[in-house]
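Trainee: Predicted coordinates and the sequence they were generated for:
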Amino acid sequence: MKALDYPSLIRAFEGVIASVLEQKDHLSRLDSVGGDGDHGTTMARAMGKVADALAAHGEEKIAVLLQEIGWAILGVDGGAIGPLLGMMFLSMAESAEGLEVLEGEQLAAVFEAGLSGLLAQTKARKGDKTLVDALVPAVEALAAAARAEEDLEAIFSAAAEAATAGAEFTKTLQARFGRARHIGEESIGSADPGASSIAFIFNGFKKGISDHA
Amino acid sequence: MKALDYPSLIRAFEGVIASVLEQKDHLSRLDSVGGDGDHGTTMARAMGKVADALAAHGEEKIAVLLQEIGWAILGVDGGAIGPLLGMMFLSMAESAEGLEVLEGEQLAAVFEAGLSGLLAQTKARKGDKTLVDALVPAVEALAAAARAEEDLEAIFSAAAEAATAGAEFTKTLQARFGRARHIGEESIGSADPGASSIAFIFNGFKKGISDHA
Amino acid sequence: MAMKKLINDPDNLVQELLEGFALAHGEQVCLTDDRLVVRAREKEQNKVALVTLGGAGHEPALSGFVGEGMLDISVPGEIFAAPGPPKVLQALKTAQREAGILFIVLNHAGDVLSAKVAGDMAAKEGIRFEQVLTHEDISSAPRTDPDNRRGLVGCLPVIKVAGAAAEAGRSLEECAAIARRMEAGMATLAVAVSGATHPSTGEVIAEIEEGTMVVGMGQHGEAGGGTQPLKTADETAEIMLEALLDDIDAKAGDELFVLLNGAGATTLMELYLVLRRVNALLKERGITLARSLAGEYLTVQEMGGFQMCVGKLDEELKALWDAPCDAPAWTRS
Amino acid sequence: MAMKKLINDPDNLVQELLEGFALAHGEQVCLTDDRLVVRAREKEQNKVALVTLGGAGHEPALSGFVGEGMLDISVPGEIFAAPGPPKVLQALKTAQREAGILFIVLNHAGDVLSAKVAGDMAAKEGIRFEQVLTHEDISSAPRTDPDNRRGLVGCLPVIKVAGAAAEAGRSLEECAAIARRMEAGMATLAVAVSGATHPSTGEVIAEIEEGTMVVGMGQHGEAGGGTQPLKTADETAEIMLEALLDDIDAKAGDELFVLLNGAGATTLMELYLVLRRVNALLKERGITLARSLAGEYLTVQEMGGFQMCVGKLDEELKALWDAPCDAPAWTRS
Ligand SMILES: Nc1ncnc2c1ncn2[C@@H]1O[C@H](COP(=O)(O)OP(=O)(O)O)[C@@H](O)[C@H]1O
Ligand SMILES: Nc1ncnc2c1ncn2[C@@H]1O[C@H](COP(=O)(O)OP(=O)(O)O)[C@@H](O)[C@H]1O
Ligand SMILES: [Mg+2]
Ligand SMILES: [Mg+2]
Ligand SMILES: [Mg+2]
Ligand SMILES: [Mg+2]
């Protein structure tokens, strides 16, 4: 399958919810190193809101669903992660406006719009030990595979792999954004919680799509 | 020696200071059982003030010295014990007004006045597990011996013995006054700190007088 | 539990803290050379003065209650220890006036004894004063045995209404009657959830076992209540409120104040949870929560826990409660 | 360290505490259905409104700063976590007026991100506002790297003077300029002496080794400073004050405010000792302690320690500092 339609987008998000919830405690533990230890809790709350949005889906439109998910995540009182992920999905929604399915160039463009939407919120860039380190390679890999007209499983596999590698790479970095920046060199050796969440999100997309392929 | 003159009163109080200071920690520990654990500290501060009063003695008059000691002890910011002991010595001073030496009936009367002065401050009576339990028998023994015209050593020995027995007896009692009353039956088994101080005070009188007899 | 406190020489502790206190609240209070805390702007001589005494270590109490519409003078003692009678007498002399002095004493052995000695001496010197004893701790004795009830944070509402009455020019008799009416209608209960250390000796004040709480704790960690497993905020509120309402015999239609006084480490957050539940429970009984206060007023160093004080209000007491005041621990405009 | 807190269901914690808070301070604040804390008496529409946002668990901050002469609206988040942008947008909509909104944001990633998203949306809707970021923590970055300085208790004096300016009818530009001037001249440093527990998770916030203190602790127990043996109050005051005066480049003849903000378990007693020493040190340098505050304003649960915030004052800022205000955490008549 090459085109992402509404039902598969639903399944993709179901995959995300499962993947992130499984890692709740792990994510909080990562955040305890230099942050306030709440990342898993916040992500879990965000996933609860996403689940509500999925359950409530009225209009079967990709852009509407993405927008509702974006707003749902923005609505989580949860510190840094909500505005970042929320704006990512809102920006994806804007770019997906009017589309019935996402494939090839359009799929790439929608995720790239999500990335830009997130980057517009923060000065953090690659190397700053934030979720950006996982998201940038993930979206690059996804876009490349989509433009190469690979099928959905391959596209999301590539993205998941890149996100995982990006999150892994943050272990070597020193935090420069978010609460963890305040511990300086002590942050080296441990993965950034936000980057890890991105990895679990893309792995969730992949699983959601493959399981129902 | 039968008459307590000014120099021997000085020595008696020097004995009191030494005796009480030696027991500082012990007294605080007793107060920890049901009180706030400060009795030793407060008594030590009171003894410091008494020492200052002894050192400053201008007029060599018994009543003046007793009054200065009373005021000095009243001036200690130390909870229950200051007003009680302070008023005891002030009352003794009043009764000793104009006397050059204390002996026989006068000695008895001065200490009885001290006891009354203290009892006027509180509703506590014998059996309530307070310093009254040591002071009443001590003054009774002292007065009886003084009236029997025994010599000073015997008089203060009798008083010290009675005070010690009175303090010891408080172990069997349940506190009904002071902070310790709030622990109820738990106070049984441990001596009352104030009563113990009275015992150390009278033992101090005795030692101060005998050492220089 | 080792002491985790930022202090200097323990022997200067009270003097130093009072100097800092006077600096922080220079618009409201002054520290005199004889270590009395007095109002920055003296009250008119034709109005009744309010004086109290008590140990330090309970900041902001009691000196934090000095100011317009509240106390004229507080006589601080040492840490947890009453000031000696000479200082108290000095305060009564300083406050002396024809209108008289309302002399508020919390029922603790040291305070009462010191107040008695100083009061007897003041009376001999012809100083006019009325003493009001606060003793509203229901854990230390039943209502029928008032001598054995400790004075806890209930002194604060008493000082507030009596202070407002004095400021309004009411007579000594009237001020005393108002203070006594407030006092008679109120009751306090303390709960402790974690201990504290004595700032001068470093010794532990009240050891509270892990996972438990003690209902009926005294103002200095004196035991006196029942140890029980740590409860929720709602359950704790219920246990305490019920006992207090019983004591003051509160009935549907009554109007009450509720004062939640943090012991030191317990957060305002927790006090707000308790207050919320208290309000709901009062509603169920048809009682009105007419006034409330939540904060740290009379602390026990860094102890965890709080005191709940409830009391009956009538129209006059409410008006006095609402009158302006300007003290470090309570400002109303 | 087990949790010794009186709470109920952690999931309702913030809602419950806000309900209790609104009950306790009903004369000053209201809690709206959309969980904004607003003033009980609305400010005139022709005056600039002040809005801020921030996590809960720091009581009385930030909602305790809502009231006459201070904030119009605070948007509480979850415990230690910023509110999401929709709520913040709602606050900006509620406060919307021609005079404009002064939007005060503490520099923490979550707050800043939420404020940006909400602000961008509000701007699109034509809502007029100016954002002022507070970032005065000298431990997190040097003055040359303002993006990386956290916003600590310095928000309080900024809100005070800007709130007074707004109340006086000053324009949005003027209010913003005043807020920025206050902000630019101030610096904060925190010290922690004992840890705390997170009230919803029960997890330890900041483990502080026995007998040590950490200078440079963040608002939520984030590390960042140097661990050193626990010092006396005087020594601690010196270490902190010196670093702060350096940062703001204070000189003889300057007039400063000093704000000592207890973290939770540290007593007022200790804060008074520190203030006393700060005053002496300033005197030595020919600097005037023009205003001071000591109390619990922005806490970290039951953490032991405090924040010292110092800042430059001029005649206008002093007058604004002295203006009346009536908020739960700060009342001046
Ligand atoms: N300014 C920022 N820019 C980009 N990412 C950020 C920023 N601040 C935080 N993050 C990301 O958010 C993650 C922490 O999220 P979370 O713990 O939910 O928020 P908070 O730090 O507010 O508690 C970090 O690991 C990092 O990836
Ligand atoms: N009301 C009272 N009447 C008689 N004695 C009392 C009374 N209160 C306390 N005491 C005595 O004082 C002793 C405690 O003294 P101390 O510890 O110095 O005072 P505080 O209890 O104020 O700390 C008690 O052991 C008791 O003997
Ligand atoms: Mg976090
Ligand atoms: Mg004692
Ligand atoms: Mg405190
Ligand atoms: Mg506190």
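Mentor: Yep, it's here. Ligands and ions are numbered 1, 2, ... in the order given.
Trainee: how about the residue in the stretch 201-333 of chain C positioned nearest to chain D, what does it touch?
Mentor: Per Cβ to the nearest Cβ, C:Tyr272 is where the stretch 201-333 of chain C lies closest to chain D, at 2.9 Å. All C-beta atoms are positioned from the backbone trio N, CA, C, and that covers glycine. Applying Cβ atoms under 8 Å, 6 or more residues apart in numbering or on different chains to C:Tyr272 gives the contacts C:Ala294, D:Glu16, D:Leu17, D:Leu18, D:Glu19, D:Gly20, D:Phe21, D:Leu23, D:Ala24, D:Glu59.
Trainee: Can you tell me the SS state at residue 16?
Mentor: Since no chain was named, I'll use chain A. Taking DSSP: H, G, I helix; E, B strand; the rest coil as the rule, one finds A:Val16 in the helix state.
Trainee: just checking, it touches A:Phe205?
Mentor: Yes. With contact defined as Cβ atoms under 8 Å, A:Val16 reaches A:Phe205; the gap is 6.0 Å.
Trainee: So which of those two has more stuff around it?
Mentor: In this view A:Val16 and A:Phe205 are compared by other Cβ atoms under 10 Å in any protein chain shown, and A:Phe205 has more residues nearby, 27 against 22.
Trainee: pLDDT score for the more buried one?
Mentor: Note on A:Phe205: pLDDT of 98.
Trainee: Show the contacting residues for it.
Mentor: Contacts for A:Phe205 (Cβ under 8 Å, 6+ apart) come out as A:Ala12, A:Gly15, A:Val16, A:Phe156, A:Ala159, A:Ala160.
Trainee: do C:Ala196 as well
Mentor: Listed by Cβ under 8 Å, 6+ apart, the contact partners of C:Ala196 are C:Val204, C:Ile205, C:Ala206, C:Gly221, C:Ala263, C:Gly264, C:Ala265, C:Val300, C:Gln301, C:Glu302, C:Met303.
Trainee: State the distance from the fifth one to chain B.
Mentor: Noted for C:Ala263: a distance of 15 Å to chain B, by Cβ to the nearest Cβ, to the nearest Å.
Trainee: Okay, now the unreliable bits of chain A?
Mentor: A:177-184, A:213 (pLDDT under 70).
Trainee: Would you mind listing what in it touches ligand 3?
Mentor: When proximity is defined by Cβ under 5 Å from the ion, chain A lies next to ligand 3 at A:Asp31, A:Gly35, A:Asp36, A:Asp38, A:His39.
Trainee: ok, so of the contacts of C:Tyr272, who is nearest chain A?
Mentor: D:Leu18 (12.1 Å).
Trainee: Would you agree the closest one is in contact with D:Leu36?
Mentor: No. The pair D:Leu18 / D:Leu36 is not scored as a contact, 9.7 Å apart, by Cβ under 8 Å.
Trainee: Looking at these two, which one has more neighbours?
Mentor: Higher neighbour count among D:Leu18 and D:Leu36: D:Leu36, with 25 against 22, using other Cβ under 10 Å.
Trainee: ok, the more buried one - contacts?
Mentor: Neighbouring residues of D:Leu36 by Cβ under 8 Å, 6+ apart: D:Ile73, D:Ser74, D:Val75, D:Lys87, D:Gln90, D:Ala91, D:Thr94.
Trainee: Taking the residues you listed together, which two end up most distant?
Mentor: Farthest-apart pair in the contacts of D:Leu36 is D:Ser74 and D:Gln90; separation 12.5 Å (Cβ to Cβ).
Trainee: So for these two, which sits in the more crowded spot?
Mentor: More crowded of D:Ser74 and D:Gln90, by other Cβ under 10 Å: D:Ser74, with 27 against 19.
Trainee: Let me see the contact set for the more buried one.
Mentor: With contact set as Cβ under 8 Å, 6+ apart, D:Ser74 has these partners: D:Leu36, D:Val37, D:Val51, D:Thr52, D:Leu53, D:Gly54, D:Leu62, D:Ser63, D:Phe65, D:Val66.
Trainee: Looking at the residues you listed, spot the one nearest A:Ala63.
Mentor: Ranked by distance to A:Ala63 (Cβ to Cβ), the contacts of D:Ser74 are led by D:Leu53 at 28.9 Å.
Trainee: any chance you could map the strands in the stretch 51-200 of chain C?
Mentor: Using DSSP state E, counting those that start in this stretch, the strands found in the stretch 51-200 of chain C span residues C:73-79, C:101-106, C:129-134, C:186-194, C:196-197.
Trainee: From A:Ala53, how far off is the nearest residue to A:Val139 once chain neighbours are set aside?
Mentor: Here the nearest residue to A:Val139 in space, its sequence neighbours aside, is A:Leu115; by Cβ to Cβ, 6 or more residues apart in numbering or on different chains that works out to 4.5 Å. The spacing between A:Leu115 and A:Ala53, counted by Cβ to Cβ, to the nearest Å, is 21 Å.
Trainee: and if you look at C:Thr201?
Mentor: Note on C:Thr201: its distance to A:Ala53, by Cβ to Cβ, is 60 Å.
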